[in-house]
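Undergrad: Build me a model:
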Amino acid sequence: MNAFPIKEVFKIHGGNSGLTEKVIYENQANNPENNIPVFSSATEESFYLPKVDRNLKIKGRGIKLFSKDKKYIIVARNGKAGIMNIIENINFTINDHAYIFEAKRSFIDKVNLDYFIMKYQNDFKGFVSNKDSNGTFSKEIAENYEIAIPSLRDQEGYVQERKKLLDLKSNLKNIKTKIELRTSFNIQEGTPYLIRDLFLHFQGHQLTDKQIYNNIGIYPVFSGADNSTKGFIDKPLFEDKFKLPCLIYQTKGNNEFKSRVVWELFNANNTAVLFIKKSKKDIINIEYIQLIIACNMKLSISSQEGVSYIDTKILNTEIYLPPIKEQNIIVEQIKKIRHQEECIQGLITKLDKQLEKLISIK
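TA: Numbering: from 1, shown residues only. All right, here's what the predicted structure looks like:
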């Protein structure tokens, strides 16, 4: 398979310098049919600036025009630097925030533009000077980059396979979103309670890494900083198994509420907060409470210096407690839904690997 520098395969057109929004608004053709779209660096599908008179001249020179009879690749020079898209079936022009890649005559029937974008998009992102919003796509690097061009049949097969995988991935993501919506529930049936009336609420205690290391045992030490396990120690936080199961949640970290239900004796440092049932009566499924609190916890997250904290407003949150049998049914339903979600995420991950493998084939 032959390799070619991009400048041998494509003619690269720069944009029209001075084609600002002000100039565009001030140069509208009397006949609307003479107005054409202006594409810029934001190259999402169907995005372009207001139309401009195709006969516009800037500093005495006519603007660059591109024909609806050809198919082009537009590359964002800055903004969404390096991002590529196809433009076809439309007459248009561009400002100086974009480049147009036009296949040269000898390669028109040898390069599938969809294949080129799918195959080399990640490489083009690497031709950007900075990785932030101020990055600029380097035409000089891109034009000397060598690309492999397999047969047109192989390119078209690659495009079809990749589109099939991407469509499947998109469908799976849509299903996953619908499943997630089914877990965002707000139950308003049953007896209303404040969370503080149902649970004892307290933090773990100060435990250093050195203390844990010097007192190694069988009891996990839970941390609330990132909902992690810090290690294992020789003494539990409390000896009373009647307090189990209980709920532990993180007190700081990102804005995503993280918690765990604990069924065995444990220890916890002071970044973990515990909910322990006040009543020994069998009226609460702790996993049901975990679901309800997760839905309400967003109201109780505050932020300080980029770190989020759970505050005590959650204690005054009113929740509805249906009969224990109904709680158990709800928990089992949510577990099934989340299992479906995990299966779908597994398929999406598998698809991503297939897509990565596909893109690595030269």
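Undergrad: I'd say Ser223 and Lys230 touch.
TA: Yes: contact between Ser223 and Lys230 holds when scored by C-beta atoms under 8 Å: they sit 4.9 Å apart. No exception for glycine: its C-beta is placed from N, CA and C like everyone else's.
Undergrad: shared neighbours of those two, which are they?
TA: Listed as contacting both Ser223 and Lys230 by C-beta atoms under 8 Å, 6 or more residues apart in numbering are Asn269.
Undergrad: can you list the domains in the protein?
TA: Each domain of the chain is listed here as a residue range: 3-149, 191-321, per automatic domain parsing.
Undergrad: what's the first-to-last distance across the shortest one?
TA: Yep, that's domain 191-321 we're talking about. Distances were taken as C-alpha to C-alpha, to the nearest Å; on that basis the terminal residues of domain 191-321 are 5 Å apart.
Undergrad: Tell me how confident the model is about that domain, as a mean pLDDT.
TA: Mean per-residue pLDDT for domain 191-321: 80.
Undergrad: Quick check: the residue of the chain positioned farthest from its centre vs Asn95, distance?
TA: Among residues of the chain, the one most distant from the C-alpha centroid is Gly60; the distance is 46.2 Å, by C-alpha atoms, centre = their mean. Here the distance between Gly60 and Asn95 works out to 18 Å (C-beta to C-beta, to the nearest Å).
Undergrad: same question, Phe232
TA: Here Phe232 is placed at a distance of 62 Å from Asn95 (C-beta to C-beta).
Undergrad: which one of these two has more residues nearby?
TA: The residue with more neighbours, out of Phe232 and Asn95, is Asn95; 23 against 15, by other C-beta atoms under 10 Å.
Undergrad: Need the nearest residue in space to the more buried one, chain neighbours excluded.
TA: The spatially closest residue to Asn95, leaving aside those adjacent along the chain, is Leu19, at 4.3 Å (C-beta to C-beta, 6 or more residues apart in numbering).
Undergrad: From Glu356, how far out is the most centrally placed residue in the chain?
TA: Ranked by distance to the mean C-alpha position of the chain (C-alpha atoms, centre = their mean), the top residue is Lys173 at 11.4 Å. Computed as C-beta to C-beta, the Lys173 to Glu356 distance reads 17 Å.
Undergrad: what do you get for Ile175?
TA: Looking at Ile175 against Glu356, where the rule is C-beta to C-beta, the gap reads 22 Å.
Undergrad: higher neighbour count, these two?
TA: Comparing Ile175 with Glu356 by other C-beta under 10 Å, the one with more neighbours is Ile175, at 15 against 10.
Undergrad: so how far is the strand or helix carrying the more buried one from its chain's centroid?
TA: Using DSSP states H and E, Ile175 maps to helix 152-182. For helix 152-182, the separation from the chain centroid amounts to 16 Å (computed by C-alpha atoms, centre = their mean, to the nearest Å).
Undergrad: Also stretch 214-225?
TA: The offset between the C-alpha centroid of stretch 214-225 and the centroid of the whole chain comes to 33 Å, using C-alpha atoms, centre = their mean.
Undergrad: Give me the contacts around that stretch.
TA: 204, 207, 212, 228-237, 248-253, 260, 262, 265-269, 271-273.
Undergrad: what's the closest non-adjacent residue to Gln121?
TA: Here the residue nearest Gln121, using C-beta to C-beta, 6+ apart, is Met84, at 5.8 Å.
Undergrad: Could you list which residues are in contact with that neighbour?
TA: The contact partners of Met84, by C-beta under 8 Å, 6+ apart, come to 43, 73-76, 101, 117, 120-121, 124.
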